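J.: Generate a structure from the sequence data that follows.
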Amino acid sequence: MTVVQVKRVVEVVQDFPDIGKRIKQARERDERSLSQICREAGISRAYWYQLEAENMRAPATEGIIRKIEAVLNVDLGVKFQE
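T.: Numbers count the residues shown, from 1 in each chain. Down below sits the predicted model:
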């Protein structure tokens, strides 16, 4: 029997005040250059600066935040209610 799978994606957008400030502080404590950090996180420098300035056109994804946390070895406090 052939089947068709259907996936449901639930999008949750939540505010995290001062996350840009926390990202910047973590980056400044790191010895690597911003270029190296961005390369490891898979994020452009322009996007990184938008995150730090909290000047985003669209919400950052949880995946991006998790990459930043992993590269900088920090917990940015992004938690969602399940």
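
J.: give the contact list for the residue most central in space within the chain.
T.: Nearest to the geometric centre of the chain sits Ile65, at 2.1 Å (Cα atoms, centre = their mean). Applying Cβ atoms under 8 Å, 6 or more residues apart in numbering to Ile65 gives the contacts Ile19, Leu76, Val78. C-beta: built from backbone N, CA, C; applies to glycine.

J.: Would you mind listing where the protein has pLDDT under the threshold?
T.: Screening the chain residue by residue with the criterion pLDDT under 70, one finds the ranges 82.

J.: which one among the contacts of Ile65 gets closest to Tyr49?
T.: Closest approach to Tyr49 among these (Cβ to Cβ): Ile19, at 14.0 Å.

J.: Am I right that the closest one is in contact with Val78?
T.: Yes - Ile19 is in contact with Val78 according to Cβ atoms under 8 Å; the separation is 7.0 Å.

J.: Please identify which of those two sits among more neighbours.
T.: A count of neighbours by other Cβ atoms under 10 Å puts Ile19 above the other of Ile19 and Val78, at 18 against 15.

J.: Please report how far the more buried one lies from Gln5.
T.: With distances defined as Cβ to Cβ, to the nearest Å, the gap from Ile19 to Gln5 amounts to 35 Å.

J.: out of everything not next to it in sequence, what's closest to Arg22?
T.: Nearest in space to Arg22, with sequence neighbours left out and distances taken as Cβ to Cβ, 6 or more residues apart in numbering, is Leu76 at 5.5 Å.

J.: who's in contact with the one you found?
T.: Leu76 makes contacts with Phe16, Ile19, Arg22, Ile23, Ala26, Ile65, Ile68, Glu69, as judged by Cβ under 8 Å, 6+ apart.

J.: okay, now the last one: neighbour count?
T.: What that stands for is Glu69. 17.

J.: Pretty sure Asp30 sits against Ile37.
T.: Yes - with the criterion set as Cβ under 8 Å, Asp30 and Ile37 qualify as a contacting pair; they are 6.4 Å apart.

J.: Run a quick neighbour tally on Pro17.
T.: For Pro17, the neighbour count with other Cβ under 10 Å is 8.

J.: Gln25: which element?
T.: Using DSSP states H and E, Gln25 maps to helix 19-29.
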